[in-house]
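In: requesting a structural model of the entry that follows:
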Amino acid sequence: MASQKPRRSPAEIEDIILKKIFLVTLIDSMENDSRIVYLEMTAAEILSEGKELRLSRDLMERVLIDRLSGNFTSAEPPFNYLIGCYRRAYDEGKKIANMKDKVFRSEMEFVIRQAKKLAVSYCRIHLGNPDMFPNWDVNKSNVSPLLPLILSEVSSLVDGFGGGSSSGGGVSCPPGFLEEFFRDSDFDSLDPILKQLFEDLRGNVLKVSALGNFQQPLRALLLLVSFPVGAKCLVNHLWWIPKGAYLNGRVIEMTSILGPFFHVSALPDHAMFKSQPDVGQQCFSEASTRRPADLLSSFSTIKTVMNNLYDGLSEVLRCLLKNAETRENVLEYLGEVINKNSSRAHIQVDPISCASSGMFVNLSAVMLRLCEPFLDANLTKRDKIDPRYVFYSTRLDLRGLTALHASSEEVAEWLGQEHAGTTDASRQHVDAENRLLQSQEATSSGSNIGGPLLHNKPLASCSGKTKYTFICECFFMTARVLNLGLLKAFSDFRHLVQDISRCEDTLSSFRSMQGQAPSPQLELDIARLEKEIELYSQEKLCYEAQILRDGELLQCALSFYRLMVVWLVGLVGGFKMPLPSTCPMEFACMPEHLVEDAMELLIFASRIPKALDGVVLDDFMNFIIMFMGSPNFIRNPYLRAKMVEVLNCWMPGRSGSSVTATLFEGHQLSLEYLVRNLLKLYVDIEFTGSHTQFYDKFNIRHNIAELLEYLWQVPSHRNAWRQIAREEEKGVYLNFLNFLINDSIYLLDESLNKILELKELEAEMSNTTEWERRPAQERQERTRLFHSQENIIRIDMKLANEDVTMLAFTSEQITAPFLLPEMVERVASMLNYFLLQLVGPQRKSLTLKDPEKYEFRPKQLLKQIVNIYVHLARGDRENIFPAAITKDGRSYNEQLFSAAADVLQRIGENPRIIHEFIELGEKAKVAASEAMDAEAVLGEIPDEFLDPIQYTLMKDPVILPSSRMTIDRPVIQRHLLSDSTDPFNRSHLTSEMLIPDTELKAKIEEFIRSQGLKKRT
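Out: Residues are numbered from 1 along each chain as shown. As a prediction, this is how the structure comes out:
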């Protein structure tokens, strides 16, 4: 029977464990493990002290220092050795876990904990003072040796998207090492180590695209800031907010610690800052030839990695914001990024001085994630948002932004009054109020916080500097970031699509010219354009992948802007009409872009299928109806016009979502105010104050006209329309009608003239012999002109058709405004002019090969014009319309009525309409004869009885108060519909200011009576 091994003493076991951990021995026994170092000098010292040559807890630090300080062959570099010590200590700890002797196990666990603690402590010492111990690492680099361990620690958290290959170089981190390393230490010893790590992580993601390895560095950054010392070190780093005379948005993006993380993107950037791998080239090159499944896969990959980035960055910021020591630094960083990139709001952005679109779209997504706690369905925390932040916050530069209604002078005056109104009594309550608000802020996760919006005062710190709640700061910062980021990206995307369209049109023209007159230059131009279109298409798909395909991002932005509009409406008293008689200054002074951005987002999202699904749109609808026709609240007519664009996108059949169906037909404010405010805006848009107002109004009125045409089909809205026409017969409805007629005349006249010019160009180009003789450059210019004229005709004719259609369907049920004295002759002249163009002598010159291509439908136009004639004749109870028709000396001709009737019969118009139209023609003929008789009766009319503008006999003379000129009332009222000035001296004039000239009117009536008597005698 074999003899039992002698049982080892606790001291012997401790020696063995420490020998395994530290790979040292005090006895020269020719160890088989070449890693074990014999500490000869240490052993001699211990012997001289009369101690036993055994490793123990008391000798641990001594032997560790000697091992690190000695010059041993084949020994590991200090850092690797210390990490190994910690790992071996961890392994030994697992082994002793099964010891039966609890007391002895506890003793050994204590020894192992001490060994770990020493390894960690000397790791810190070595990293803080690399030259303290000899280091034979021949692969020295500027990167912290701690970095591979951190990257290996977080590599398990990276799910493969954006993870790339591990940067750990095969090094794994012992369990618990990092937590112990960063947890139990003072700031000063860890500060240089952490600063180096932050710089290394920043360098790892510099110029890395969405397809590069950014997730490991990002997770490592999150790990570091999760330790309070790491968070403190980050915000105290010199590169947290870079300083310098030349600091700008791009410098912050490229040199701050967080900047390169925010730069990671799929969106295109300036060539100087382009990231790799190239997302457009790798995912979307020659996209037209790729399988749809491949494109969908690319879209999905980019969306996934970008959301990983958003989540990681928002976790980093959230971690820093939760820490009271670092929260202020985060807000300062965000404020600096926003302020230094304010010029991103400009149409042209300088890519050298401004941060990239990628950074600001990423920041938009991150800020929206930070807003989520106060974007609950009931928006219960909106009373935390203080409008005074716009004027008194020193964090963001908001006071220079264009306000919704107030001028900069009005803002300054109001702020002066606010300041003067601060009483001593109110100051006495500051401390108590601050305590209350701080208490509310501490419990801001509660379900509801009551109180009116404007009663929420900001906190006043002991230094006198105003302090606002985090919700308030986050709200306004997010609004600014979205304006400079996501909304700017929408604009860039729209311009990109337009650039592609222009290039494709130009390419088509070049190819057409190449077919007619080939040249080497044209070949070069075609090749250049094809390359441009390919690059533009790649960029477009990158935008689509990161933004358009990210439904969650869009919906979160919509939730934020829902809060925005509800909060803004709260400033004017809530969702109720009519609005207050005066605009509250808190509302008037708010930055205009808050509303504009909300409208732009709604337009953009409405054009993306299913982007609005699940979104509550009622608050947006209420806001639009309330302010669309309210220039006293929102001064900018273009901004109010954008609201119409939103409604256009929501019309049934246009929206990519089913949620818009009930907004028009079952919405109370819509039924009461929508038509009224659309008509008001139609009038307001005539004078925008812009140098392009004449052309802008047609595009805006096109949107209004489409919406009005749809609403006319809805019985409840049609009834509201008729009521407005009755109530506002001489008010807004008459102005609306006047501008509608003006536009119809201009657009149709312009279109018909352009058709004649186009036909001349067609004739030139069809004469092949003569055409070929012309120089190539001249042919190119004429071809370009031809295509330009085609586009102008198509657009103008489409707008003219809309206007005539609206006149046709409204005149069927609303005739009174058309037949007013100041309007009836204008209407008759317009109809006569259209009739002359369509059935008069020159109609054949308007014949086109493909009229439908230009939206020119002469048969339909003629039917509509005739229908308007008939509708007005039916409503003409005083029989004034026939006489008005004949007063038009420019276009009226009795033969046009019979000519039009013949055409109508050929194209199959309703016989009843034709009959009534012929009857009207006969009445006009009689009226013309009666007018000639009356003129003969009157003979020569004294000049004082003649209107100075029309030179016709006045019936109701009035005196203009400023110029003292006398003019016929219908004439001046017609003028005032388009221009509220005295036509003789341009001074302000309204209908109410007209002074009846009763004396002259009596003379005119006496003149007519006496001339009649003379004729009879």
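In: elements contacting the lengthiest helix in the chain?
Out: The longest helix of the chain (DSSP state H) is helix 776-813. On a contact count with 3 or more Cβ pairs under 8 Å, 6 or more residues apart in numbering; DSSP states H and E, helix 776-813 meets helix 486-516, helix 693-712, helix 715-727, helix 732-766, helix 858-874. C-beta here means a position set from N, CA and C on the backbone, and glycine is covered the same way.
In: now the first one: average pLDDT?
Out: Averaged across helix 486-516, pLDDT comes to 88.
In: relative to helix 732-766, how tilted is it?
Out: Here helix 486-516 runs at an angle of 30 degrees relative to helix 732-766 (axes from the mean of the first three to the mean of the last three Cα atoms, to 10 degrees).
In: mind giving me the packing neighbours of helix 486-516?
Out: Helix 486-516 packs on helix 357-371, helix 520-543, helix 593-606, helix 776-813, going by 3+ Cβ pairs under 8 Å, 6+ apart.
In: buried sites along the last one?
Out: Within helix 776-813, the residues scored as buried using 16 or more other Cβ atoms under 10 Å are 779-780, 783, 786, 789, 792-797, 799-812.
In: okay, angle between that helix and helix 693-712 too, please.
Out: Counting by the same axes, to 10 degrees, helix 776-813 lies at 40 degrees to helix 693-712.
In: name the SS class of Ile967, please.
Out: strand (DSSP: H, G, I helix; E, B strand; the rest coil).
In: quick one: residues contacting it.
Out: Ile967 is in contact with Asp947, Pro948, Ile949, Met954, Pro957, Val958, Leu960, counting by Cβ atoms under 8 Å, 6 or more residues apart in numbering.
In: report the beta-bridge partners for it.
Out: Residues in a beta bridge with Ile967, per DSSP bridges, are Val958.
In: next, count neighbours for the residue nearest to Asp525 when sequence neighbours are not counted.
Out: Spatially, and ignoring its direct neighbours in sequence, Asp525 is nearest to Phe510 (5.6 Å; Cβ to Cβ, 6 or more residues apart in numbering). By other Cβ atoms under 10 Å, the residues close to Phe510 number 20.
In: which strands and helices sit next to whichever strand or helix holds Glu109?
Out: Assigned by DSSP states H and E, Glu109 belongs to helix 102-128. The elements that helix 102-128 packs onto, with contact taken as 3+ Cβ pairs under 8 Å, 6+ apart, are helix 10-22, helix 60-69, helix 78-95, helix 177-183, helix 187-205.
In: I'd guessed Gly84 sits against Leu23; true?
Out: Yes. Counting by Cβ atoms under 8 Å, Leu23 is a contact partner of Gly84 at 7.5 Å.
In: more neighbours: those two, which one.
Out: Taking other Cβ under 10 Å, Gly84 and Leu23 do not tie; Leu23 has more neighbours (20 against 17).
In: can you tell me how far that one is from Arg87?
Out: 11 Å (Cβ to Cβ, to the nearest Å).
In: nearest to Ala119, out of the helices and strands packed on helix 486-516?
Out: Ala119 sits nearest to helix 357-371 of all the helices and strands packed on helix 486-516, at 37.5 Å, using Cβ to Cβ.
In: that closest one - what's its average pLDDT?
Out: Throughout helix 357-371, pLDDT has a mean value of 97.
In: please save the CA atoms from it in PDB.
Out: Taking Å, rounded to 0.1, in the frame of the first residue of the first chain, the C-alpha atoms of helix 357-371 are listed here in PDB:
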ATOM      1  CA  SER A 357     -24.500  66.800 -41.900                       C
ATOM      2  CA  GLY A 358     -23.700  63.400 -40.600                       C
ATOM      3  CA  MET A 359     -22.700  64.800 -37.200                       C
ATOM      4  CA  PHE A 360     -25.800  66.900 -36.900                       C
ATOM      5  CA  VAL A 361     -28.200  64.100 -38.000                       C
ATOM      6  CA  ASN A 362     -26.600  61.900 -35.400                       C
ATOM      7  CA  LEU A 363     -26.900  64.600 -32.800                       C
ATOM      8  CA  SER A 364     -30.500  65.100 -33.800                       C
ATOM      9  CA  ALA A 365     -31.200  61.400 -33.200                       C
ATOM     10  CA  VAL A 366     -29.300  61.400 -29.900                       C
ATOM     11  CA  MET A 367     -31.100  64.600 -28.600                       C
ATOM     12  CA  LEU A 368     -34.500  63.100 -29.500                       C
ATOM     13  CA  ARG A 369     -33.600  60.000 -27.400                       C
ATOM     14  CA  LEU A 370     -32.800  62.400 -24.500                       C
ATOM     15  CA  CYS A 371     -36.200  64.000 -24.900                       C
END
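In: that helix: how far from the chain's middle?
Out: In terms of Cα atoms, centre = their mean, to the nearest Å, the centre of helix 357-371 is set 12 Å apart from its chain centre.
In: what's the helix or strand immediately after that helix in the chain in contact with?
Out: Later in the chain than helix 357-371, the nearest helix or strand by DSSP H and E is helix 389-392. For helix 389-392, the external contacting residues (Cβ under 8 Å, 6+ apart) are 398-399, 411, 415, 458, 466, 468, 472-473, 476, 589-591.
In: next structured bit after helix 389-392?
Out: Following helix 389-392 in sequence order, the next helix or strand is helix 408-420 (DSSP H and E).
In: mind listing what's buried in that next one?
Out: Neighbour counts over helix 408-420 (16+ other Cβ under 10 Å) mark Val411, Trp414, Leu415 as buried.
In: which one of those residues is nearest to Leu47?
Out: Leu415 (84.6 Å).
In: for Ser408, see how far away the residue nearest to the closest one when sequence neighbours are not counted is.
Out: In this structure, Leu415 finds its nearest non-sequential neighbour in Phe391, 5.7 Å apart by Cβ to Cβ, 6+ apart. Going from Phe391 to Ser408 by Cβ to Cβ gives 12 Å.
In: likewise for Leu320?
Out: Counting by Cβ to Cβ, the gap from Leu320 to Ser408 is 36 Å.
In: can you check Lys340 too?
Out: For Lys340, the distance to Ser408 equals 23 Å [Cβ to Cβ].
In: which stretches of the stretch 351-500 of the chain have low pLDDT?
Out: Applying pLDDT under 70 to the stretch 351-500 of the chain flags the ranges 418-465.
In: flag the shaky bits of the stretch 101-250 of the chain, pLDDT-wise.
Out: In the stretch 101-250 of the chain, residues with pLDDT under 70: 135-141, 156-170.
In: again, only this time at 80
Out: The model of the stretch 101-250 of the chain has pLDDT under 80 over residues 131, 134-142, 156-171, 184-185, 245.
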